[in-house]
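**Student:** What would the 3D arrangement of this be:
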Amino acid sequence: MECGFASWSSMGARAVFLVGFMASGKTSVGRELARRLRWDFVDLDARIEMRERQSIAEIFSGHGEAGFRMAETAALLELTQSLERDSVVALGGGAFAQDENGELLRQWPSVFLQAPADELWRRSSEDHEIRPLRKDREQFAKLYAERLPYYRQATLCVETSGKDPAAICLEIEAALLLSGANVAGRTETGGSR
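**Tutor:** Next up, the predicted model:
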């Protein structure tokens with residue numbers, strides 16, 4: 001499947017942003033991709049929790065979704081302005097669906113990890129993560145449909161159904177020309193030149 005942003009060159013890449021709905025595999029694929037590239041891995045939700053000194057569930061409970069989105073955009077802005085090392089960044093499920101976040105990420109390559117809503121529902125039922133916006137199957141499917149047009153604006157779309165993280169990473173590396181180019185250009189401390 002083709003995605004929407006204009007072509008992007010991997011020369012000088014310092015970050016790749018993984019986007020997609022809840023349970024799409026952003027964290028597991030992100031960790032594997034970062035390991036393979038010898039880049040840092042950043043989970044935006046974990047960064048928000050550190051910054052706000054509250055869990056995502058507590059932020060939603062105390063400030064609602066609007067308060068969470070403000071914290072999310074602030075954390076993303078801070079991250080994009082302060083990247084010192086090559087990084088793979090896993091965004092929360094709704095981050096890429098916010099216009100201001102999409103604008104912040106236009107200069108960076110983004111990868112939409114796609115799977116059918118039914119599979120994502122099943123995956124999210126099996127994990128033990130607290131997901132404030134996961135309520136019932138109908139609401140889940142509706143939210144997925146609302147966010148899908150945003151996800152499709154990513155630089156690259158990768159179907160994840162029936163694939164393990166290593167296979168997904170291989171697709172991402174090949175499509176974004178990440179394997180050799182950036183690993184060869186790294187300094188011994190792990191940062192980019």
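**Student:** so which helix or strand takes in Gly64?
**Tutor:** helix 56-82 (DSSP states H and E).
**Student:** any idea which helix or strand comes after that helix?
**Tutor:** strand 87-90.
**Student:** Partner strands of that next one, with direction?
**Tutor:** strand 15-19 (parallel), strand 40-43 (parallel) (DSSP bridges).
**Student:** For these, give me a markdown table that also has mean pLDDT, distance to Leu113 and mean neighbour count.
**Tutor:** Any C-beta I mention is one placed from the backbone N, CA and C, and that applies to glycine too. Output for these, formatted as a markdown table (pLDDT from 0 to 100; distance: least, Cβ to Cβ, whole Å; neighbours: other Cβ atoms under 10 Å):
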| stretch | mean pLDDT | distance to Leu113 | mean neighbour count |
| --- | --- | --- | --- |
| strand 15-19 | 97 | 6 | 27 |
| strand 40-43 | 97 | 14 | 18 |
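**Student:** State the number of residues packed around the residue nearest to Gly93 when sequence neighbours are not counted.
**Tutor:** Once flanking residues are discounted, Gly93 sits nearest to Met22: 4.3 Å by Cβ to Cβ, 6 or more residues apart in numbering. Neighbourhood size, Met22 [other Cβ atoms under 10 Å]: 22.
**Student:** Met22 against Ser124, yeah?
**Tutor:** Yes: using Cβ atoms under 8 Å, Met22 is in contact with Ser124, at 5.4 Å.
**Student:** okay, the strands paired with strand 87-90 in JSON lines with distance to Phe68 next?
**Tutor:** JSON lines is the format used below for the strands paired with strand 87-90 (distance: least, Cβ to Cβ, whole Å):
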{"stretch": "strand 15-19", "distance to Phe68": "17"}
{"stretch": "strand 40-43", "distance to Phe68": "15"}
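**Student:** Let me know which of the ones you listed is the nearest to Leu177.
**Tutor:** Closest to Leu177 of the strands paired with strand 87-90 is strand 15-19 (Cβ to Cβ; 11.3 Å).
**Student:** ok, now which ones touch Ile48?
**Tutor:** When contacts are counted by Cβ atoms under 8 Å, 6 or more residues apart in numbering, Ile48 touches 56, 59, 68, 71-72, 75, 92.
**Student:** so how far is the helix or strand where it lies from its chain's centroid?
**Tutor:** Assigned by DSSP H and E, Ile48 falls within helix 44-52. Computed by Cα atoms, centre = their mean, to the nearest Å, the chain-centroid distance of helix 44-52 equals 14 Å.
**Student:** Next, the angle strand 15-19 makes with that helix.
**Tutor:** 100 degrees (axes from the mean of the first three to the mean of the last three Cα atoms, to 10 degrees).
**Student:** how long is stretch 82-94 end to end?
**Tutor:** Taking Cα to Cα, to the nearest Å as the measure, stretch 82-94 stretches 22 Å from start to finish.
**Student:** actually stretch 101-110, sorry about that
**Tutor:** First residue to last in stretch 101-110 (Cα to Cα) measures 12 Å.
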